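**Q** Structure of the sequence below:
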Amino acid sequence: MAEYDFCVERLPEEITRQLIIESFSEAIIIVNRNSEIIYCNRRMRELFGYTKEELYRKPLSILIPDVFKNIHSVQAETHFENPENRSMGIGMNLFGRKKDGTDLPVEVSLSTLKAENNTYIMAFISDISIRHKIENELIERNQELKSFAGMLSHDINSLLAGIVGFSDLLIETSDYPVEKQKEFLQIISDYGRKAVTIIREILLLSSVSKENIEMAKVDIDSIIQEAIKRNSDLIRENKAEIRISENIDNLVSYGPWIEEVFYNLISNAVKYGGNPPVIEIICERLNDKCVKYGVKDNGAGISDENKSFILLEQSDMKEKIVKGHGIGLPMVAKIIQKLGGILEINNHPEGGTCFCFTLPSH
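**A** Numbers count the residues shown, from 1 in each chain. So this is what the prediction gives:
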């Protein structure tokens with residue numbers, strides 16, 4: 001079998017070196033010893049939003065965020081003194097500065113080009129925006145899960161300890177009166193339901209960041225009824241009254257998450273409403289694209305400081321929990337945001353708070 005020497009010179013004449021470089025899917029830039037840009041390919045220009053003329057003979061620093069300029073200057077000089085092919089910024093989060101002033105997360109590999117009298121650096125630049133976004137989301141979700149689970153582990157342990165303790169009392173002592181036995185069994189049942197709720201919250205939080213959810217038509221009235229059913233014991237204990245608007249519009253969304261929103265808002269309204277609580281569930285069709293739902297209580301209202309804790313996006317779940325207003329509200333805000341909606345918290349002059357959320361109808 002004949003051996004072939006594959007080299008640039010053997011390529012068809014119409015396939016030029018420039019054509020090859022221009023067709024690369026990676027951004028390529030070449031700079032001289034003075035860190036002046038002497039070449040950039042099509043992908044580079046598209047990525048950073050410049051034309052050839054805007055980059056030619058310009059200092060490389062125009063593509064570097066201010067925070068990295070001093071570091072880059074030292075690294076560039078070092079690379080010219082000791083040229084080698086390598087990756088740049090190992091262990092660092094590297095960014096490039098686009099023409100519009102925004103920063104772009106990138107990955108950079110360097111190569112040295114030695115001509116007869118000059119040395120040049122060629123950089124291969126990859127846009128890692130998607131990877132960077134996914135990594136940040138994973139970090140945030142893991143932090144939330146860690147903080148959330150750590151904060152609730154004590155509550156779960158206490159509930160389980162209570163269940164075991166009262167169960168042991170019933171097993172070890174047979175002469176408790178029937179009413180006392182019923183009291184212990186009721187406590188065991190209550191503790192068990194609370195533990196299930198906490199575990200459900202943790203599992204739901206772990207799923208909120210998933211991208212691939214199946215959107216379908218949601219029967220909101222059925223969702224509300226199910227959320228009320230899940231709160232039935234709490235509603236009965238507090239003698240709460242639930243009023244539902246006659247016209248409840250449906251939408252295309254993700255039912256399990258919306259049910260969790262109503263469940264948490266109704267639970268919160270019953271716990272911190274008036275005495276007795278009167279809860280109103282309202283619906284307003286804003287336009288053909290949006291529907292607004294609300295859960296209004298007749299309680300004392302919520303302070304502006306606590307509103308900010310719920311509505312602002314923060315990385316530490318502990319900072320999101322509002323004392324006295326339930327563990328579910330930060331999750332409600334996160335779910336609504338994930339569904340492309342908006343959460344509002346309004347105190348009414350006549351008393352009470354309305355948690356309103358607007359969602360896309362399609």
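**Q** Neighbours of residue 19, how many?
**A** Burial measure for residue 19: 10 neighbouring residues, criterion other C-beta atoms under 10 Å. C-beta here means a position set from N, CA and C on the backbone, and glycine is covered the same way.
**Q** do the same with residue 31
**A** Counted with other C-beta under 10 Å, the neighbours of residue 31 add up to 21.
**Q** For it, list each beta-bridge partner.
**A** Beta-bridge partners recorded for residue 31 (DSSP bridges): residue 37, residue 121.
**Q** Wait, it touches residue 120, no?
**A** Yes - Residue 31 is within contact range of residue 120, at 6.7 Å (criterion: C-beta atoms under 8 Å).
**Q** Mutual contacts of these two, please.
**A** Taking C-beta atoms under 8 Å, 6 or more residues apart in numbering as the criterion, residue 31 and residue 120 both touch residue 38.
**Q** Would you mind measuring from residue 168 to residue 115?
**A** As judged by C-beta to C-beta, to the nearest Å, residue 168 and residue 115 stand 85 Å apart.
**Q** ok, the two, which is more surrounded?
**A** Taking neighbours as other C-beta under 10 Å, residue 168 and residue 115 compare with residue 168 leading, 10 against 7.
**Q** mind checking pLDDT for the more buried one?
**A** pLDDT for residue 168: 88.
**Q** Okay, and it sits in which element?
**A** Element membership for residue 168 (DSSP states H and E) is helix 129-172.
**Q** For that helix, what is the distance to the chain centroid?
**A** On the basis of C-alpha atoms, centre = their mean, to the nearest Å, helix 129-172 sits 19 Å off its chain's mean C-alpha point.
**Q** can you check stretch 225-243 too?
**A** Centroid displacement of stretch 225-243 relative to its chain, using C-alpha atoms, centre = their mean, is 31 Å.
**Q** One more: stretch 346-354?
**A** Remark: stretch 346-354 is offset 30 Å from the chain centroid, using C-alpha atoms, centre = their mean.
**Q** do the same with stretch 37-47
**A** Centroid displacement of stretch 37-47 relative to its chain, using C-alpha atoms, centre = their mean, is 33 Å.
**Q** What residues of that stretch count as buried?
**A** Neighbour counts using 16 or more other C-beta atoms under 10 Å place 37, 39, 40, 41, 43, 44, 45, 47 of stretch 37-47 among the buried residues.
**Q** Repeat that for stretch 20-35.
**A** Buried residues in stretch 20-35, counted by 16+ other C-beta under 10 Å: 21, 26, 27, 28, 29, 30, 31, 32, 35.
**Q** ok, now which ones touch residue 65?
**A** Going by C-beta under 8 Å, 6+ apart, residue 65 touches 95, 96, 97, 103.
**Q** the domain parsing of the chain - what is it?
**A** Per the record, the chain has its domains at 8-127, 129-212, 213-362, by automatic domain parsing.
**Q** thinking again about what came up before, go through the buried residues of stretch 37-47 and flag which are in helices.
**A** Counting by DSSP state H, the buried residues of stretch 37-47 place 43, 44, 45, 47 in helices.
**Q** Go ahead and confirm the second one touches residue 126.
**A** No - under the criterion of C-beta under 8 Å, residue 44 makes no contact with residue 126, lying 11.1 Å away.
**Q** which residues are in contact with both of those two?
**A** By C-beta under 8 Å, 6+ apart, residue 44 and residue 126 have these common neighbours: residue 27.
**Q** hey, which helix or strand in the chain has the poorest pLDDT?
**A** Here the helix or strand of the chain ranked lowest by mean pLDDT, DSSP states H and E is helix 317-320, holding a mean of 43.
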